[in-house]
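**Student:** would you be able to build a 3D model of this:
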Amino acid sequence: MDICVLKEPFDLRPWLDVKMPSFDMSTEDATKLAIFLAAKDGEQYPYEYIEETKRDI
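**Tutor:** Just a heads-up that it's a prediction; the model follows:
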């Protein structure tokens, strides 16, 4: 999880009238939370970003 998602949530599905809540947390707290959630899933933080490529069909 990228900390910017925690600090500045955005509309993922704009057609729905819901969004992730804002917690107004510091960058340090957001980083600690992201590290905790990654560790809980057995992942390392920061995640390795692999850019998707479009395939011609």
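**Student:** mind checking the longest helix of the protein?
**Tutor:** As assigned by DSSP state H, the longest helix anywhere in the chain is helix 27-40.
**Student:** average pLDDT across it?
**Tutor:** For helix 27-40, mean pLDDT is 91.
**Student:** list the buried residues in it.
**Tutor:** Buried positions in helix 27-40, judged by neighbour count with 16 or more other CB atoms under 10 Å: 30-31, 34-35. Quick note: C-beta positions are derived from backbone N, CA and C, even for glycine.
**Student:** that helix: how far from the chain's middle?
**Tutor:** The chain centre lies 10 Å from the centre of helix 27-40; the measure is CA atoms, centre = their mean, to the nearest Å.
**Student:** about what we covered before: for the buried residues of helix 27-40, give me CSV that also has distance to M20.
**Tutor:** CSV is the format used below for the buried residues of helix 27-40 (distance: CB to CB, whole Å):
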residue, distance to M20
A30, 13
T31, 17
A34, 14
I35, 19
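**Student:** out of those residues, what pair is the most spread apart?
**Tutor:** Spanning the widest gap among the buried residues of helix 27-40 are A30 and I35, at 9.8 Å by CB to CB.
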